[in-house]
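# okay, here's the prediction I keep looking at, along with the sequence it came from:
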Amino acid sequence: MALQLTAPDRPWGEADLHALPDDRHRYEIIDGSLHISAPLDEPHQRLVDDIVGDLRTAVPPGWRAVCRVGLHAGASYLVPDITVLLPASPLANTWVDPADVALVVQVESPSSRRLDRCLKPGLYAEAGVESYWRIERTSKGPVAHLYTRAAAGHYELHRSVHPGQCVTAELPYAVQVAPATWSL
């Protein structure tokens, strides 16, 4: 049986998200509008697991790399694939404050490509998140696009790391980025 959603007569908010089913879909609110993404496929999940593993291996004391923790930014409630939290950042609530976030990572899926490339980077940058990684799934393997926040409040591409390359990313902390070691 298909889920029947009825839009509220106001912008969607956090309470509305709590009323949605736990059905593996990703529910996010962007500027008061509900966005639903298909459940993550197995290659997506393996890729997320590999990247978060690399981030956790290199994490300095006090920092945390976590999966699918919500980020509240203005009228938006976003759920990055991976979030790196600054030292002493609380993780007691469903949503973290952008001031506590050093990096968000989005792994592209066919259903999220436009959001991950066009819309979400602007929202994360406006919220003050310093680093954004977009992982593109290609036929030759994953490509990591590493962005840093510019003084003007948007992201600038720092570098792209292709399969066969291995670089040390300095933000949010020194970590090896080697897409060839990640599952696809």
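Received the coordinates, thanks.
# next helix or strand past the helix or strand where residue 52 lies?
Assigned by DSSP states H and E, residue 52 falls within helix 42-58. Using DSSP H and E, the helix or strand that follows helix 42-58 in sequence is strand 64-67.
# I'd like the average pLDDT over that following strand.
For strand 64-67, mean pLDDT rounds to 92.
# elements contacting it?
Helices and strands touching strand 64-67, as assessed by 3 or more C-beta pairs under 8 Å, 6 or more residues apart in numbering; DSSP states H and E, comprise helix 42-58, strand 82-85. Placement of C-beta: from N, CA and C, glycine included.
# out of the ones you listed, which one sits most buried?
strand 82-85 (a mean of 25; mean count of other C-beta atoms under 10 Å).
# contact partners of that one?
By C-beta atoms under 8 Å, 6 or more residues apart in numbering, the residues outside strand 82-85 that reach it are 48, 51-52, 55, 59, 63-67, 69, 71, 91, 96, 100-105, 131, 172.
# one more time with 6 Å
The set of residues external to strand 82-85 that reach it, using C-beta atoms under 6 Å, 6 or more residues apart in numbering, is 52, 64-67, 69, 100-105, 172.
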